[in-house]
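K.L.:
Model the structure of this input:
(one chain, ligands or ions: 2)
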Amino acid sequence: MSADTIFALASAPGRAGIAVIRISGDKAGKTLIRLGCKSPEPRKATRATLIDPTTKERIDDGLVLWFPAPRSFTGEDVVELHIHGGRAVIDSVMAALASIGGVRPAEPGEFTRRAFGNDKLDLTQAEALADLVDAESRAQQRQALAQMNGALKQLTDDWRHRLVQSLAHLEAVIDFPDEDLPPEVADRVWGEVRDLESSIATFLDDAHRGERIREGLSIAIIGEPNAGKSSLLNTLAKRDAAIVSATPGTTRDVIEVHLDIGGYAVTLADTAGLRATTDDVEKEGVRRARQRAQGADVRLALFDGSVYPTRDHETSALIDEKTICVVSKADLLNQEREVELDSANDLWPTHFISVKTGFGLDELLRRLEDVIKKKFDGSSSVAITRVRHRVALEECLSALKRSQSAALPELASEDLRLAARALGRITGRVDVEEILDIVFREFCIGK
Ligand SMILES: Nc1nc2c(ncn2[C@@H]2O[C@H](COP(=O)(O)OP(=O)(O)OP(=O)(O)O)[C@@H](O)[C@H]2O)c(=O)[nH]1
Ligand SMILES: [Mg+2]
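P.N.:
Residues are numbered from 1 along each chain as shown. Ligands and ions are numbered 1, 2, ... in the order given. Now for the predicted structure:
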């Protein structure tokens, strides 16, 4: 059992109806006594008056929950205090707790780290917990919940189990060459290794869907100066995030807003108008615009409707299969929209919009939704959600490949051992210390 008992505000700081303070460690029960609470029944909400241990003054009237070890989130004795969410109440309860010997405020992620230490969850589940707390879209929420329920853990544990078995069989062949081992043992080992190799390769070939859902899809608006990019961003974001003006070359920096489109988190970026310029600041803006366009999952190429059907070459040159072409200022169009299709290039144009009248905006959003859904088609409930997982799986895969062409059985078995170790790192079974800090650093205090 850990030396210190820790406590932290588990709910968000700031004025609220209720605040929750969590206490974990072997002195958790003692803190209750010091606060004047009679030993409550385990796992039952109990009404209690909290008393300052030094002044004996009443500090709040609230609810107390008592989770004796090991049936608690951390696996240690845990107390939850549900108190009134005012600054003075929270401060006085925290001060009272801090005055008790052997009890101290928790570090970020310390509760979850203790839960991991007591085998209450593995690393992928701890990561999923952080993701669930951060989830902003339904897709992020669904993905985090599946991972928290152990989807990725089960898959990697299963692979690792099969790998360790094959390794054991291979070692038996090496160690007991003269024994009566059935001749097909080695064949079975290599059959299993090939199977694992193809399962892991297929799982890795996922177009980074899980990471995309977690981090959010990136959409960049590009186009010539004055095309109406910033106006479109503001309209989709429903706020004045970017400066709009009739002066071409207004936007210089990349301006990002976060949106939910069809249940998926999206980062929409407004960029500087693309044109050749001698202004150093604008030049840098154009460089950033191009860079952003390059890295985006989807591009919205915006063409100025006031000069339609003329279109600028800088933007046209960037049209590819990831691009949706849009003509702005449809309210100013002096041509019939029927001429919209230029037979020379069927990518051009697709959508007519006006942020002034709202024309075509719903349709554009629907189109974006379709594109995003198509990208995530085939997402299964198990996903690679972090680079850490991907790196480990890639290491595993190359060790499996190496093992099959190893010159000696001893070298092959060493490769299989490395492959199993790489899988073990995903759930935190091996080489744990080096990755623990990375994982738990993502947490805020009280989680
Ligand atoms: N009539 C009309 N004017 C529009 C529409 N959209 C944008 N504008 C106007 O077009 C001008 C340029 O708009 P911005 O959104 O600043 O254009 P931008 O592409 O961000 O321009 P830069 O940042 O300079 O590259 C502004 O005067 C807007 O009011 C529209 O749908 N209809
Ligand atoms: Mg702009």
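
K.L.:
Share the number of residues neighbouring the residue in the stretch 201-350 of the chain that ligand 1 sits nearest to, please.
P.N.:
Residue of the stretch 201-350 of the chain nearest ligand 1, by C-beta to the nearest ligand atom: Gly273 (2.8 Å). Any C-beta I mention is one placed from the backbone N, CA and C, and that applies to glycine too. Using other C-beta atoms under 10 Å, Gly273 has 27 other residues around it.

K.L.:
my read: it touches Ile221, true?
P.N.:
No: judged on C-beta atoms under 8 Å, Gly273 makes no contact with Ile221 at a distance of 10.5 Å.

K.L.:
any common contacting residues for these two?
P.N.:
Lys229 (C-beta atoms under 8 Å, 6 or more residues apart in numbering).

K.L.:
Just the strands from the stretch 201-350 of the chain, written as ranges.
P.N.:
Here the stretch 201-350 of the chain has its strands, by DSSP state E, counting those that start in this stretch, at 217-223, 255-261, 264-270, 298-303, 323-327.

K.L.:
Using JSON lines, lay out those together with mean neighbour count and distance to ligand 2.
P.N.:
As requested, the strands of the stretch 201-350 of the chain are arranged in JSON lines below (neighbours: other C-beta atoms under 10 Å; distance: least, C-beta to the ion, whole Å):
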{"stretch": "strand 217-223", "mean neighbour count": "25", "distance to ligand 2": "9"}
{"stretch": "strand 255-261", "mean neighbour count": "17", "distance to ligand 2": "8"}
{"stretch": "strand 264-270", "mean neighbour count": "23", "distance to ligand 2": "6"}
{"stretch": "strand 298-303", "mean neighbour count": "25", "distance to ligand 2": "10"}
{"stretch": "strand 323-327", "mean neighbour count": "23", "distance to ligand 2": "15"}
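
K.L.:
can you redo those as a markdown table with mean pLDDT and distance to Arg22?
P.N.:
Below are the strands of the stretch 201-350 of the chain laid out as a markdown table (pLDDT from 0 to 100; distance: least, C-beta to C-beta, whole Å):
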| stretch | mean pLDDT | distance to Arg22 |
| --- | --- | --- |
| strand 217-223 | 96 | 35 |
| strand 255-261 | 94 | 29 |
| strand 264-270 | 95 | 28 |
| strand 298-303 | 95 | 41 |
| strand 323-327 | 93 | 47 |
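
K.L.:
can you give me the helices for the stretch 101-250 of the chain?
P.N.:
Counting by DSSP state H, counting those that start in this stretch, the stretch 101-250 of the chain has helices at residues 110-117, 123-134, 138-148, 151-175, 184-204, 209-215, 229-237.

K.L.:
could you check the angle helix 123-134 makes with the first one?
P.N.:
Relative orientation of helix 110-117 and helix 123-134, computed by axes from the mean of the first three to the mean of the last three C-alpha atoms, to 10 degrees: 150 degrees.
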